[in-house]
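Peer 1: here's my sequence, what's the structure:
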Amino acid sequence: MPIEKALSLWEIYNKKLIELYETIKFPIISFDVDLEEYKRAIDWVLQSLKITPNGNITAPFFDESLRHAETGDEATIAEMGDTTKALYHKLNEIYEGQKI
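Peer 2: Below is the predicted model:
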């Protein structure tokens, strides 16, 4: 998939996510954090939703090899368009504002 199409899809999805989040607050996780923080965030979401996991919930879903940039990678962020950057920063702001 061309990067322009991928970013357009990402923008559409995340605009809807933020719109819904601003209407109904719900836990948001970040896929840009390291594996241990990701696991803590998943545990926090499960607890907040009163869900008891059955086994290792992150094993089949999270794959470190799918990452193509480091969190906060300024070169990658600089290549984003203004809309993409704004959405990325808003999502990080929401994630960081949660009490995980």
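Peer 1: quick check: next helix or strand after the longest helix anywhere in the chain?
Peer 2: Longest helix of the chain, by residue count under DSSP state H: helix 3-23. Next helix or strand after helix 3-23 toward the C-terminus (DSSP states H and E): helix 35-48.
Peer 1: just give me how far that following helix sits from the chain centre.
Peer 2: 12 Å (Cα atoms, centre = their mean, to the nearest Å).
Peer 1: which stretches of this protein have low pLDDT?
Peer 2: Along the chain, segments meeting pLDDT under 70 span 55-62, 66-77.
Peer 1: residue nearest the centroid of it?
Peer 2: residue 30 (3.1 Å; Cα atoms, centre = their mean).
Peer 1: pull the contacting residues for that residue.
Peer 2: 37-38, 41, 91-92, 95 (Cβ atoms under 8 Å, 6 or more residues apart in numbering). In short, each C-beta sits where N, CA and C put it, glycine included.
Peer 1: go again using 7 Å as the cut-off
Peer 2: Counting by Cβ atoms under 7 Å, 6 or more residues apart in numbering, residue 30 touches 41, 95.
Peer 1: can you dump the C-alpha coordinates of the longest helix of the chain into PDB?
Peer 2: Taking Å, rounded to 0.1, in the frame of the first residue of the first chain, the C-alpha atoms of helix 3-23 are listed here in PDB:
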ATOM      1  CA  ILE A   3       2.400   5.500   2.100                       C
ATOM      2  CA  GLU A   4       0.000   8.300   1.100                       C
ATOM      3  CA  LYS A   5      -3.000   5.900   1.100                       C
ATOM      4  CA  ALA A   6      -1.800   4.300   4.400                       C
ATOM      5  CA  LEU A   7      -1.600   7.700   6.100                       C
ATOM      6  CA  SER A   8      -5.000   8.700   4.800                       C
ATOM      7  CA  LEU A   9      -6.500   5.500   6.200                       C
ATOM      8  CA  TRP A  10      -4.700   6.100   9.500                       C
ATOM      9  CA  GLU A  11      -6.000   9.700   9.600                       C
ATOM     10  CA  ILE A  12      -9.600   8.700   8.900                       C
ATOM     11  CA  TYR A  13      -9.600   6.000  11.600                       C
ATOM     12  CA  ASN A  14      -7.900   8.200  14.200                       C
ATOM     13  CA  LYS A  15     -10.100  11.200  13.600                       C
ATOM     14  CA  LYS A  16     -13.100   8.900  14.300                       C
ATOM     15  CA  LEU A  17     -11.400   7.500  17.400                       C
ATOM     16  CA  ILE A  18     -10.700  11.000  18.800                       C
ATOM     17  CA  GLU A  19     -14.200  12.200  18.000                       C
ATOM     18  CA  LEU A  20     -15.700   9.200  19.800                       C
ATOM     19  CA  TYR A  21     -13.200   9.600  22.700                       C
ATOM     20  CA  GLU A  22     -14.200  13.200  23.200                       C
ATOM     21  CA  THR A  23     -17.900  12.100  23.400                       C
END
